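**Q** Would you be able to build a 3D model of this:
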Amino acid sequence: MRSAMTQYSTVFLARVLQRLVGPRVISATRLATEAGVPQVTLSRCLAAARSVAVMATSGKQRTGAQKLRVVLASHSLSETKLKALLRRECLHSAQLAEWRAAAEVALEPPSHRHENAATHTDT
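**A** Coordinates of the predicted model:
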């Protein structure tokens, strides 16, 4: 088990959080044991990811968890599969890029989150 002060990479946290919101959801307690991440850290990261503001998309409101699911699903797709995902989800690539950036900010340690939030609010 890692110490309480361990900093996790965004990629690692995204993969771990996918297990909380993805198609094969498991409990945070079980995931904490399997991944070696304190349950409180998982809960904090999941809450941060869910707190991403709900955006209107083609008249459809999406929660932070729904956006995170799409961001994670798009992670390593080929261009063809990514375009299919965007069509299926009724998204533009710019929206996905915004969601990805918001997820990265949300998954950063709190001390870095405030510094980077100012960078992403210019739009």
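**Q** For Ala106, see how far away Arg19 is.
**A** Distance of Arg19 to Ala106, computed by Cβ to Cβ, to the nearest Å: 17 Å. To be clear about C-beta, it is placed using only N, CA and C from the backbone, and glycine gets the same treatment.
**Q** In terms of neighbours, single out the busier of these two.
**A** Taking other Cβ atoms under 10 Å, Arg19 and Ala106 do not tie; Ala106 has more neighbours (23 against 19).
**Q** The more buried one is in what secondary structure piece?
**A** Ala106 belongs to helix 93-107 when assigned by DSSP states H and E.
**Q** Against which helices or strands is that helix packed?
**A** Using 3 or more Cβ pairs under 8 Å, 6 or more residues apart in numbering; DSSP states H and E, the elements in contact with helix 93-107 are helix 10-21, helix 39-50, strand 55-57, helix 64-74, helix 79-89, helix 110-120.
**Q** got the CA coordinates for the fourth one in PDB?
**A** So that's helix 64-74. Provided in PDB are the C-alpha atoms of helix 64-74 (Å, rounded to 0.1, in the frame of the first residue of the first chain):
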ATOM      1  CA  GLY A  64     -19.300  14.500 -14.700                       C
ATOM      2  CA  ALA A  65     -19.300  10.700 -14.400                       C
ATOM      3  CA  GLN A  66     -20.800  10.400 -17.900                       C
ATOM      4  CA  LYS A  67     -18.200  12.700 -19.300                       C
ATOM      5  CA  LEU A  68     -15.400  10.800 -17.600                       C
ATOM      6  CA  ARG A  69     -16.800   7.600 -19.000                       C
ATOM      7  CA  VAL A  70     -16.500   9.000 -22.600                       C
ATOM      8  CA  VAL A  71     -13.100  10.500 -22.000                       C
ATOM      9  CA  LEU A  72     -11.800   7.100 -20.700                       C
ATOM     10  CA  ALA A  73     -13.500   5.200 -23.500                       C
ATOM     11  CA  SER A  74     -11.800   7.500 -26.100                       C
END
